[in-house]
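Undergrad: model this:
(chains A and B)
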Amino acid sequence: MFQLKSWPQFVLLPLAAGVCAVWVGMVCLVFCSRLSGMKAASICGNAQAECHFLSLANLFDRVIQHSARMHGISNDLHSEFELYFLPSKNQVSRVGRNCHTSNILTPNGKENAQRIEREELTEVIMKLLAAWRDPLWHFHQSVARNHRFNGYGSNKSLEMSDMAHELRKGVQKVVEKMQTLGVISNSVGGLASPEALLAADGSGWRFMKDSDLLYCFRRDSNKIQNYLKILKCRIVPEHGC
Amino acid sequence: MLRARMRRRLGLAVLLMLSAALRCRSASPPGKPVLIGCRSPEKETFTCWWEPGFNGGLPTRHRLFYEKEGSEEVHECPDYWSAGKNSCFFGKEQTSIWVEYSLTVVAFNALGNTSSDLFKIDDVMKIVKPYTPENVTVLVNDTANTPYLCVSWNHPPKVDTKSGWTTIKYELRVQKEDNKPEIFHPNKKNSFKVYNVDPGATYTVDMRCQLDQSSWSEWSTASVVKIPNYFQNEKPFWILVSIFSVIPLLATICIVVLKRKFVKQWLLPPVPGPKIRGVDVQLLKSGRAEDVINALIGNQNFPPAAAWMDQTEEYLLVSDSNDWLLTDPYISQKKKSLVIPAGVQLEIQCRTSAPAQSDCENAEVGKDGKVEPDHLAQTKESVLNVAAPSVSSGSKEAASGNAAGPTGYVDIQQHKGTQGAGPNAAQWDYSWVKEVNGETIFILKNEDAAAGLDVPGWEENTAADYSRVKEVNGDDVVLLQKHDSADSSCKKKEDRSAEWTNQKAKSRHGSDCGKGACLQIAGNGYVDSVPRFYVE
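TA: From the prediction side, this is the model:
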């Protein structure tokens, strides 16, 4: 009986030590693998070209995600606006509805979007984003000032304006990357291109009603999202198209 | 009364005839058609359906007209037949996304036309609703012990998945028998595995999909699968196993029951009562003392005490002549006595390495029975070397063995018969042995005690018999000195002690003692059995 009592002690101690060692080993392994995995993903050592293509797809994914989120917010705002401020759909409003971005020629279908040049498509995206910078900011100011919406609406308008701004910068980066890689020519204008300025300068948006503004932006954000997707699958088709 | 009734009936009949005539004769313009709805299955084309009104009794033709946003031009439906009756199919060329459509259906017949209400499509994106996913197949994979369902499908027809124009999202619904259905959202395009399935249950699986946050498609046709039940397959095996295990169990139980007593004895053996070998319990119960003692002790063989005493006696025997030792009957009668004949120099072996005699304590029995250290007698015989042959071998051990009592005393005896040299040959000198340490015997010398010391009277001179420890040097030498009030004795001792003691002579002055010679012993002045304190 004496032996039985002392037996667990002799077994438990090395067993516990073994379990600890195994656990430590596994944690180290996991960390090492994660580190090595992260290393492989973040640092492109060897071929410059491979590295660039991979990161371009990544950039595209990010801007597409961003644009999807922006469209979601605009959709929510528009629905809420219609629910509270326009309970009855008015046919008359149809006549008056005119988005300030109507002068920008945008492809209205898949074939059209695939047919036009990459540079043109990129230009369209840039123009649209440029055209909405000021109106969104103005809209947010008016909402905050006049307390038109509740707190939810005010937050969303600010978020929408910020996201549009961020997306514009992101797309600019993508354009630069593409130009560096030689995917598109350098003819694509930047943020300060004359077309963009022209579009942004149009003061037609100041007289737009809020409902029309929201409606127009919802549509344009959807356009931007789809164009980016088309562009990505035209340039880097091997990554999730 | 009768006349009124007849008139009423006549009026009714006339009315009926008139209406029938009217109906048969007059055609009317068509009734108003109603646009039911439109649908785009893949975000590239769309179809609209309407419900025609009453045709007015004449052949009626319906035409659809639409206007696009930003243009006043009115277009007519390009395709009235592809999508069936009362429908209009808009092809890729006519479809524009993000453009508002205004549709009207006009019914024409010979008598006129009737337009429906305006039907507006804000955006083709809003009317997108894909078809159901195709080829939804469910397979039961029951490898190992964990079965799972493997669901596979294809994308809905006509949807372009390559160009990135649409992003398809699928939804999978799994329902176990009549429970609440479970919804999954597969990430992969073509397959999905459902793991939490129970063997023996029936599952219904169907799917639907969505394009870019559009409306969901209809549910696909349900697939019903049944997971095989494992235990049924293995049922006969388990039956056999249970039968074969029950038989030995029953047999064991029968044996245990039938042989209860045997099992009980084996498991729980009775504890025997106490029993002493050779002792009769009945005898003990009778209670007679002799019987009890004989019973308890009779069987033992104790060695005779006398023999033991003789042995100890022999070990300490010191004598000058071998004859005396052998023949002297006195020896056997003495207990623990060390007989030192006069003139015999008692040499005590010292453990210290220094072979100088000054280190060792030499005691010499003088003629008067005193033990004097100075004289070197005829023979130097150590205590341990002297004695009967029987003793010599074991003397060393005996010497140490005799140190059982630290207060054992040693008889320094002068034998009359043998020596005849000293006048007090018969006198016995008693000294206290301070300590027998291994091979060294420390003898406490008693001078005054030589003047007549008797065995019975030793208690009187107890005080005088005690020697004081001069010094404890290490653990092998204790230097003893008999302390006396008289100076003469001290002086003598001084001489002796000079020989005896080490060079370290720390001594505190005693009452009358000379310097460095006598000891001042703390406490009661006597050396304790245990040399705990050092005499300074």
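
Undergrad: where along the stretch 201-350 of chain B do the strands fall?
TA: B:202-211, B:223-226, B:345-347 (DSSP state E, counting those that start in this stretch).

Undergrad: and the residue of chain B nearest chain A?
TA: residue B:164 (3.3 Å; Cβ to the nearest Cβ). (C-beta placed from N, C-alpha, C; glycine too.)

Undergrad: for that residue, grab phi and psi.
TA: Per-residue torsions, residue B:164: phi 80, psi 10 (degrees, to the nearest 10).

Undergrad: OK, contacts around the nearest residue to it once chain neighbours are set aside?
TA: Excluding the flanking residues, the one nearest residue B:164 by Cβ to Cβ, 6 or more residues apart in numbering or on different chains is residue A:233, at 3.3 Å. Shown in contact with residue A:233 (Cβ atoms under 8 Å, 6 or more residues apart in numbering or on different chains): A:241, B:162, B:163, B:164.

Undergrad: around chain A, pick out the residues from chain B.
TA: Residues of chain B lying close to chain A (Cβ under 8 Å from any Cβ of the partner chain) are B:43-44, B:70, B:92, B:95-100, B:102, B:118, B:120, B:123, B:125, B:160, B:162-165, B:167, B:213.

Undergrad: out of the strands of the stretch 201-350 of chain B, deepest packed?
TA: strand B:345-347 (a mean of 23; mean count of other Cβ atoms under 10 Å in any protein chain shown).

Undergrad: which SS state does the residue nearest to residue B:70 when sequence neighbours are not counted fall under?
TA: Nearest residue to residue B:70 in three dimensions, chain neighbours excluded: residue A:102, at 6.7 Å (Cβ to Cβ, 6+ apart). Assigned with DSSP: H, G, I helix; E, B strand; the rest coil, residue A:102 falls in the coil class.

Undergrad: repeat for the one 4 residues further on
TA: Using three-state DSSP, the structure places residue A:106 in coil.

Undergrad: who's in contact with it?
TA: Residues near residue A:106 by Cβ under 8 Å, 6+ apart: A:124, A:128, A:223, A:227, B:98.

Undergrad: from the contacts of residue A:233, pick the one nearest residue A:107.
TA: The closest of the contacts of residue A:233 to residue A:107 turns out to be residue B:163 (Cβ to Cβ; 12.8 Å).

Undergrad: export stretch B:219-239 to PDB, keeping only CA atoms.
TA: Taking Å, rounded to 0.1, in the frame of the first residue of the first chain, the C-alpha atoms of stretch B:219-239 are listed here in PDB:
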ATOM      1  CA  TRP B 219     -35.300  28.000 -52.500                       C
ATOM      2  CA  SER B 220     -34.000  25.200 -54.600                       C
ATOM      3  CA  THR B 221     -35.700  21.800 -54.600                       C
ATOM      4  CA  ALA B 222     -35.100  20.100 -51.300                       C
ATOM      5  CA  SER B 223     -32.900  17.100 -51.000                       C
ATOM      6  CA  VAL B 224     -33.800  14.600 -48.300                       C
ATOM      7  CA  VAL B 225     -31.100  12.300 -46.900                       C
ATOM      8  CA  LYS B 226     -30.900   9.900 -44.100                       C
ATOM      9  CA  ILE B 227     -27.800   9.200 -42.100                       C
ATOM     10  CA  PRO B 228     -27.200   5.500 -41.500                       C
ATOM     11  CA  ASN B 229     -27.400   4.300 -38.000                       C
ATOM     12  CA  TYR B 230     -24.300   2.700 -36.900                       C
ATOM     13  CA  PHE B 231     -25.600   0.800 -34.000                       C
ATOM     14  CA  GLN B 232     -28.000  -1.000 -36.100                       C
ATOM     15  CA  ASN B 233     -25.200  -2.400 -38.200                       C
ATOM     16  CA  GLU B 234     -23.400  -3.500 -35.200                       C
ATOM     17  CA  LYS B 235     -26.400  -4.700 -33.300                       C
ATOM     18  CA  PRO B 236     -25.900  -8.500 -33.700                       C
ATOM     19  CA  PHE B 237     -22.300  -8.000 -32.700                       C
ATOM     20  CA  TRP B 238     -23.200  -6.300 -29.500                       C
ATOM     21  CA  ILE B 239     -25.900  -8.900 -28.800                       C
END
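
Undergrad: buried stuff in it?
TA: Buried residues in stretch B:219-239, defined by neighbour count with 16 or more other Cβ atoms under 10 Å in any protein chain shown: B:220, B:223, B:225, B:227.

Undergrad: go on, stretch B:130-143?
TA: Going by neighbour count (16+ other Cβ under 10 Å), the buried part of stretch B:130-143 is B:130, B:131, B:132, B:133, B:136, B:138.

Undergrad: same deal with stretch B:252-260?
TA: Buried, per 16+ other Cβ under 10 Å, within stretch B:252-260: nothing.

Undergrad: before we move on, back to that, wait, the residue of chain B closest to chain A sits on residue A:235?
TA: No. Counting by Cβ atoms under 8 Å, residue B:164 stays clear of residue A:235, with 10.4 Å between them.

Undergrad: tell me which of the two has more neighbours.
TA: Applying other Cβ atoms under 10 Å in any protein chain shown to residue B:164 and residue A:235 shows that residue B:164 carries more neighbours, namely 23 against 18.

Undergrad: just the pLDDT for the more buried one.
TA: Here, the pLDDT recorded for residue B:164 equals 87.

Undergrad: quick one: name the residues of chain A near chain B.
TA: Proximity of chain A to chain B (Cβ under 8 Å from any Cβ) is limited to residues A:72, A:91, A:94, A:102, A:106, A:108-111, A:113-114, A:219, A:222-223, A:226, A:229-230, A:232-233, A:237, A:241.

Undergrad: hmm, try it at 6 Å
TA: Chain A has residues A:108, A:109, A:110, A:219, A:223, A:229, A:230, A:233, A:241 near chain B, with proximity defined as Cβ under 6 Å from any Cβ of the partner chain.

Undergrad: can you show me the helices along the chain?
TA: This is for chain A. A:2-42, A:48-85, A:92-96, A:110-115, A:118-131, A:133-146, A:151-181, A:194-201, A:210-235 (DSSP state H).

Undergrad: oops, I was thinking of chain B
TA: Under DSSP H, chain B gives helices at B:2-25, B:230-233, B:235-258, B:260-267, B:281-286, B:289-297, B:305-315, B:322-327, B:330-333, B:389-392, B:395-401, B:416-419, B:462-465, B:487-500.

Undergrad: and residue B:247, how far is that from residue A:214?
TA: Shown here: residue B:247 relative to residue A:214, a distance of 84 Å by Cβ to Cβ, to the nearest Å.

Undergrad: which one's more surrounded, the two?
TA: Counted by other Cβ under 10 Å, residue B:247 and residue A:214 do not tie: residue A:214 has more neighbours, with 23 against 9.

Undergrad: ok, the more buried one - contacts?
TA: Residues near residue A:214 by Cβ atoms under 6 Å, 6 or more residues apart in numbering or on different chains: A:77, A:78, A:81.

Undergrad: any idea how far the first one lies from chain B?
TA: Here the distance between residue A:77 and chain B works out to 15 Å (Cβ to the nearest Cβ, to the nearest Å).

Undergrad: how about that residue: what's its closest non-neighbour residue?
TA: Closest residue in space to residue A:77, ignoring its immediate chain neighbours: residue A:156 at 5.2 Å, by Cβ to Cβ, 6+ apart.

Undergrad: ok, residue B:59 - how many residues close by?
TA: Close neighbours of residue B:59, defined as other Cβ under 10 Å, add up to 11.

Undergrad: find the nearest non-adjacent residue to it, please.
TA: In space, residue B:59 is closest to residue B:109, 6.4 Å off (Cβ to Cβ, 6+ apart).
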